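In: After the sequence you'll find the predicted model.
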Amino acid sequence: MALDVDLLGKLTETSGAPGHERRVRDVVRSHLPDDVDAVRTDAMGNLVATVEGSDNPDFEVLVPAHMDEIGFIVKHVHDDGFVQVDALGGWDPRILRAERATVHADDGDLPGVIGSPPPHTDENPYTRDKDEVRDVFIDLGLPADEVEDAVQVGDTVTLSQRFEPVGDLVTGKALDNRVSVYELLAVAERVEPDVTVHYVATTQEEVGLRGAEAVGVDLDADLVLNLDTTVANDIPQFVYEEDYVTELGEGAGVKFKDGVVIPNPKVVDHLVDVAEQAGVDHQREVLGAGGTDTGPLQRNHGATPVGAVSTPTRYLHTPVEAVHTDDVEAVVDLTTAFLESIDGTEDFTL
């Protein structure tokens with residue numbers, strides 16, 4: 001499988017902060033395969049594309065991947081024209097200085113910068129000892145009255161970063177989780193399922209797994225296989241080897257645990273068996289903190305068997321997230337093989 005750089009780049013560079021995923025949803029909708037039987041959205045913006053099973057349509061599998069990215073929301077426009085924001089998702093404030101940002105106003109996008117005081121003023125008594133998101137101010141380079149006319153409290157903000165291949169990797173903003181949305185679309189193109197499969201691009205994952213929580217009530221799935229990114233701390237920066245979680249280039253991550261879910265052991269075993277039989281490179285993922293849509297989908301419609309396949313990602317929740325192209329291929333291959341192995345007779349009760 002050759003990586004479709006244009007599509008993945010388009011997905012990452014398209015803006016979609018939590019609760020405001022319309023642009024990304026439009027890209028997903030335009031790239032769904034022709035043989036999808038039904039497409040719908042709900043009041044939270046989740047997009048559900050359904051393919052009816054050829055042999056056992058009553059057995060339903062839910063395959064979600066969240067399409068929102070961490071961003072900001074405007075909380076105040078200062079008299080001097082600087083825009084102050086509140087976080088939408090988990091930011092490390094230390095990485096926000098000297099970044100480019102885009103304010104998504106009603107009349108169009110406005111480019112801006114998050115400035116940083118020069119080192120000449122390190123002794124400034126007004127500089128905080130610790131960076132906080134509340135100290136992020138966006139400079140739009142416009143007169144204050146023009147900013148006041150154009151920007152409103154409640155407008156969303158995303159960071160600006162181009163998508164770019166770097167050696168065997170690709171890097172950019174919002175690979176968490178647009179790379180999984182890309183994989184979702186690739187799998188939908190390849191699989192002709194025996195059972196009914198709902199491919200779902202979910203919303204508001206970065207602010208509390210909210211879109212998936214709603215989908216988990218609306219769709220009574222018999223099985224869930226979630227696609228998301230996971231930590232790859234395989235970098236020589238004060239990280240112990242046991243804290244790598246995953247490593248780039250070593251294959252798809254099969255989740256055994258994260259901060260909100262312990263997947264169904266039978267589903268996990270089946271994923272590992274499928275990976276071994278299909279010759280797909282894979283690695284075992286144990287994530288100490290954080291969670292994905294897998295959690296609410298395990299329990300929101302009663303007890304539901306769940307599994308998760310993860311794309312190892314360096315520099316998560318920064319504008320330079322990076323994934324290995326081989327790992328993207330491995331996630332697509334494993335997810336495809338897993339779905340093709342399901343005929344609806346499986347028993348995942350424990």
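Out: It's in. Predicted model, so just to flag it, every value in this text is computed and none were measured.
In: who's in contact with the nearest residue to residue 94 once chain neighbours are set aside?
Out: Closest residue to residue 94 in three dimensions, ignoring its sequence neighbours and counting by Cβ to Cβ, 6 or more residues apart in numbering: residue 131, at 5.2 Å. The C-beta positions use only the backbone N, C-alpha and C, and glycine is treated the same way. For residue 131, the contacting residues are 93, 94, 96, 97, by Cβ atoms under 8 Å, 6 or more residues apart in numbering.
In: Please indicate which of these has the highest neighbour count?
Out: Of all these, the most densely surrounded is residue 96 (22 neighbours; neighbours counted as other Cβ atoms under 10 Å).
In: just checking, what packs against the longest strand along the chain?
Out: Using DSSP state E to assign secondary structure, the strand with the most residues in the chain is strand 56-66. Using 3 or more Cβ pairs under 8 Å, 6 or more residues apart in numbering; DSSP states H and E as the contact criterion, the secondary-structure elements in contact with strand 56-66 are helix 175-190, strand 195-202, helix 210-218, strand 223-231, helix 325-341.
In: try it again with 6 Å
Out: Here strand 56-66 is seen to pack against helix 175-190, strand 195-202, strand 223-231 when contacts are counted using 3 or more Cβ pairs under 6 Å, 6 or more residues apart in numbering; DSSP states H and E.
In: Check the burial of the nearest residue to residue 25 once chain neighbours are set aside by counting its neighbours.
Out: Take residue 25 and drop its neighbours on the chain: the residue closest to it by Cβ to Cβ, 6+ apart is residue 47, 5.3 Å away. Burial measure for residue 47: 24 neighbouring residues, criterion other Cβ under 10 Å.
In: and residue 56, bridged to which residues?
Out: Partner residues in beta bridges with residue 56, using DSSP bridges, are residue 195.
In: still on that earlier bit, which two of the contacts of residue 131 have the greatest separation?
Out: By the measure Cβ to Cβ, 93 and 97 form the most distant pair in the contacts of residue 131, at 8.5 Å.
In: Quick check: neighbours shared by those two?
Out: Overlap between the contact sets of residue 93 and residue 97, as judged by Cβ atoms under 6 Å, 6 or more residues apart in numbering, is nil.
In: got the contact list for the longest strand of the chain?
Out: Around strand 56-66, the neighbours that count as contacts under Cβ under 6 Å, 6+ apart are 177, 180-181, 184, 194-200, 202, 205, 212, 219, 221-227, 293, 344.
In: Pull out the buried positions in it.
Out: Taking 16 or more other Cβ atoms under 10 Å as the neighbour-count basis, strand 56-66 is seen to contain the buried residues 56, 57, 59, 60, 61, 62, 63, 64, 65, 66.
In: May I see those organised as CSV, with pLDDT and distance to residue 147 added?
Out: Shown next, in CSV, are those (pLDDT from 0 to 100; distance: Cβ to Cβ, whole Å):
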residue, pLDDT, distance to residue 147
56, 96, 58
57, 96, 54
59, 97, 54
60, 97, 49
61, 98, 48
62, 98, 43
63, 98, 43
64, 98, 38
65, 98, 36
66, 98, 32
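In: How much space separates the closest residue to residue 184 other than its chain neighbours from residue 304?
Out: Sequence neighbours aside, residue 65 is the residue nearest to residue 184 in space, at 4.5 Å (criterion: Cβ to Cβ, 6+ apart). Noted for residue 65: a distance of 17 Å to residue 304, by Cβ to Cβ, to the nearest Å.
In: try residue 110
Out: 43 Å.
In: What number of residues are in the vicinity of residue 222?
Out: 18.
In: How much space separates it from residue 197?
Out: If you measure residue 222 against residue 197 using Cβ to Cβ, the figure is 11 Å.
In: So for those two, which residues contact both of them?
Out: Residues within reach of residue 222 and of residue 197 at once, by Cβ under 6 Å, 6+ apart: there are none.
In: In terms of helix, strand or coil, where does residue 307 fall?
Out: Per DSSP: H, G, I helix; E, B strand; the rest coil, the local secondary structure of residue 307 is strand.
In: Now for it: which residues touch it?
Out: Contacts for residue 307 (Cβ under 6 Å, 6+ apart) come out as 225, 263, 267, 268, 271.
In: Find the pair from those residues with maximum spatial separation.
Out: Between all members of the contacts of residue 307, the longest pairwise span (Cβ to Cβ) is found for 225 and 268 and amounts to 10.9 Å.
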